[in-house]
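Build me a model:
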Amino acid sequence: KQSQDLVAVGGRNDFLISQAGKLAYTARSLEDLIANIKLVNSKELEEPLSDRELSNNILNQAKKYYDKAQKDKAQQILEEFNIETSEPIEDLEEYGSIICLSNSYYKRQKGGIAPISTFKIQLKEVIYNDFNNEMLYKADFLNNSFNQELVFRARDLNNKNKFMDLIEHPNFMFTGSQNDLQDIKGLIARQDYRELKGVNYGGFHEHKGQRVFITQDKAINKNLNPIDDLTISEEFQVIKSHILDRQAITREELEAISPSLFTFNELKITSSLITMLPVMMMKSLLFEEKIKTQHLVLYGEAGAGKSQTVSSIIEPFFSMDQENVLSCSNVTQFSLLKSLSNTNSTPVVLEEYKPSFLSDFQRRLISDSLRNTYDCHTATRGTRDQKINSYSMLAPIILVGEEGQEETAIKERSIILNFNKEARQGRAESFYHLKENSKILNNLGYSVLEYLLKADIEALVNTRVKLMDKHIDPKITEDRVRESVGNMPLG
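Now for the predicted structure:
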């Protein structure tokens, strides 16, 4: 402007307050209004006000104008569309051409304002998946009569067809365009939400330089404090454990079950099984030190107590869900890959292993899985859209059946326990004592986990070497046999 058109010093405040009142009705946000007032201040005045003068004299009044404008616009929309709401009518949000009010989105267009949805999105979490470089949103879709929490890929807001696939409930309708979705994205970006790192398997992880443990619904560090910015993405919550809901075992609890821990079956069974439980839990920690963990194979005649041992002793120790148990006779390649790549500390149990009753494909599938998980190999599988999915085979395996594993390469990678009915005679009291005290076994498993979170793994490896030197006959030279024997006293 020419100097004669600029506002003189004496009229600056009144002019800016007047401009704020006008701009409040066209501003898309309070920040937008403040930016416009600052622009007027710098361009329209002979001598602009300082930032301090603006804050003290103008911006507080501008906020009042903005709040009133929002309330007026909200009231206009409510009256025009005959909407009844219990929400404060000043709770109106705008971005681009989109207005959000009373759990609905409206679009500003030439003929006025038109509704484009019967819901609004309240963003709760943004999850960044490092393993596939994907971003997920967890959000509540809010309707005046129905609410639903949905987890979806952030890129679904860039594709109207995929977005429409999300909103299946009959209460959710959307008539906006792809561009409208981008403005809605701008609105939800202003909301308060948590940012988390997503992982694709449970168990031990390295997070911000420290060892942590995560299950499907919780994560803790070595100090047993909860970690709020780490989660297992929902689509990868396959193998579930409730071990983080337990507490440390007390001296009295340990004294109560210790007489039964090694007497519920013959000693060669109980000692091998009990010592392998912590070894399986620390599989990933040992693997980092180039030490491999053996599978646990339970086989023997029907009625020998294999399945009961799994359900009454092994499952409580790991606080496992029954979903962790798969049947060899109907397991598919996909379900097995998903399970074996979903945990590095909770065993996947394969029941009903009877090679003579399985197809060649099923036998090869289980055999290959035992080999791959021992070495923590990565398996790949193609998808219908010609993508390749990778599965890191991390889980410990417990194989249960009436027939043993005859393949030499698998036997060398396993601790094999032969169950029989005779060995259980006279030991039922100890077994049922453990079965009745499953909560104490829960706590025992938690205490082992607590120890492993804090443990100096290098020191444990050194202890393992000393135990091997002490207990393994030098005549045993086969590496895999020595490794198997070496892990058990460590456990």
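
CA only for contacts and neighbour counts going forward, please
Will do.

Helices along the stretch 301-450 of the chain, start to end?
With DSSP state H, counting those that start in this stretch applied, the stretch 301-450 of the chain shows helices at 306-309, 315-318, 333-340, 360-374, 408-411, 421-424, 428-436, 438-454, listed in chain order.

Just tell me which of the ones you listed ends up closest to Leu224.
Leu224 lies closest to helix 438-454 among those, at 7.6 Å (Cα to Cα).

So which residues make contact with the closest one?
The contact list for helix 438-454, computed with Cα atoms under 8 Å, 6 or more residues apart in numbering, reads 211-213, 221-224, 243-244, 246-249, 253-254, 257, 278, 281-282, 312-313, 316-319, 434.

remind me which residues of this structure are low pLDDT?
By pLDDT under 70, the weakly predicted segments of the chain are 1-4, 74, 77-91, 383, 385-386, 404-405.

by contact count, what packs against the longest helix anywhere in it?
As assigned by DSSP state H, the longest helix anywhere in the chain is helix 60-80. Under the contact criterion of 3 or more Cα pairs under 8 Å, 6 or more residues apart in numbering; DSSP states H and E, the helices and strands touching helix 60-80 comprise helix 12-23, helix 30-44.

and the next element down the chain from it?
On the C-terminal side of helix 60-80, the closest following helix or strand by DSSP states H and E is strand 93-95.

Following the chain past that next one, name the next helix or strand.
strand 98-101.

hang on, Met164 in a helix?
Yes: under the criterion used here (DSSP: H, G, I helix; E, B strand; the rest coil), Met164 sits inside a helix.

how about the nearest residue to it, chain neighbours excluded?
Phe174 (7.7 Å; Cα to Cα, 6 or more residues apart in numbering).

what number of residues lie near that neighbour?
For Phe174, the neighbour count with other Cα atoms under 10 Å is 17.

ok, it to Lys110 distance?
Between Phe174 and Lys110 the distance, using Cα to Cα, to the nearest Å, works out to 20 Å.

Geometric centre of the chain: which residue is closest?
Among the residues of the chain, the smallest C-alpha distance to the mean C-alpha position (Cα atoms, centre = their mean) belongs to Ile232, namely 1.4 Å.

Beta-bridge partners for it, please?
In this entry, Ile232 is beta-bridged to Val199, by DSSP bridges.

does it really touch His205, like I thought?
No: counting by Cα atoms under 8 Å, Ile232 does not reach His205; the two are 11.4 Å apart.

any residues in contact with both of these two?
Contact with both Ile232 and His205 is made by residues Ile214, according to Cα under 8 Å, 6+ apart.

on that earlier part again, and the helices and strands packed on helix 60-80 as JSON lines, adding distance to Leu337 and mean neighbour count?
Shown next, in JSON lines, are the helices and strands packed on helix 60-80 (distance: least, Cα to Cα, whole Å; neighbours: other Cα atoms under 10 Å):
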{"stretch": "helix 12-23", "distance to Leu337": "59", "mean neighbour count": "18"}
{"stretch": "helix 30-44", "distance to Leu337": "50", "mean neighbour count": "17"}
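
could you redo these as CSV and give each row distance to Lys138?
Written out in CSV, the entries for the helices and strands packed on helix 60-80 read as follows (distance: least, Cα to Cα, whole Å):
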stretch, distance to Lys138
helix 12-23, 35
helix 30-44, 26
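
Which among those is found nearest to Asp192?
The closest approach between Asp192 and any of the helices and strands packed on helix 60-80, judged by Cα to Cα, belongs to helix 30-44 at 16.4 Å.

outside of that closest one, which residues touch it?
Under the criterion Cα under 8 Å, 6+ apart, residues 1, 6-7, 16, 19-20, 23-24, 27, 48-49, 59, 62-63, 66 lie in contact with helix 30-44.

Can you say which of those are buried?
A residue is treated as buried here by neighbour count (16 or more other Cα atoms under 10 Å); on that basis the buried members of those are 7, 16, 19-20, 23-24, 27, 48-49, 59, 62-63, 66.

Quickly list what Phe174 is bridged to.
For Phe174, the residues forming beta bridges with it (DSSP bridges) are Ser117.

Could you list the buried residues of the longest helix of the chain?
Counting neighbours by 16+ other Cα under 10 Å, the buried set in helix 60-80 is 61-63, 65-74, 77-78.

what about that helix, distance to the chain center?
Relative to the centre of its chain, helix 60-80 is centred 41 Å away, using Cα atoms, centre = their mean, to the nearest Å.

surely Ala154 meets Asn133?
No: at 11.5 Å, Ala154 and Asn133 do not qualify as touching, with contact defined as Cα under 8 Å.

quick one, which of those two is more surrounded?
In terms of neighbours (other Cα under 10 Å), Ala154 is the more surrounded of Ala154 and Asn133; the figures are 17 against 8.

what's near enough to touch the more buried one?
The neighbours of Ala154, taking Cα under 8 Å, 6+ apart as the test, are 135-137.

residues near the nearest residue to it once chain neighbours are set aside, how many?
Nearest non-adjacent residue to Ala154, counting by Cα to Cα, 6+ apart: Leu136, 5.2 Å away. Here the number of neighbours of Leu136 (other Cα under 10 Å) works out to 20.

Enumerate every residue touching Leu136.
Leu136 touches 126-129, 151-154, counting by Cα under 8 Å, 6+ apart.

Tell me if I am right that it is in a helix.
No: assignment of Leu136 by three-state DSSP gives strand, placing it outside any helix.

Can you say which of the helices of the stretch 301-450 of the chain is packed in most?
Each of the helices of the stretch 301-450 of the chain was assessed for mean neighbour count using mean count of other Cα atoms under 10 Å. The highest is helix 315-318, with a mean of 25.

Pull up the distance across stretch 242-253, start to finish.
With Cα to Cα, one end of stretch 242-253 sits 19 Å from the other.

got the contact list for that stretch?
215, 218-219, 318-321, 440, 442-447, 450.

farthest pair in those residues?
Checking these against each other with Cα to Cα, the farthest-apart pair comes out as Ala219 and Ile440, at 21.7 Å.
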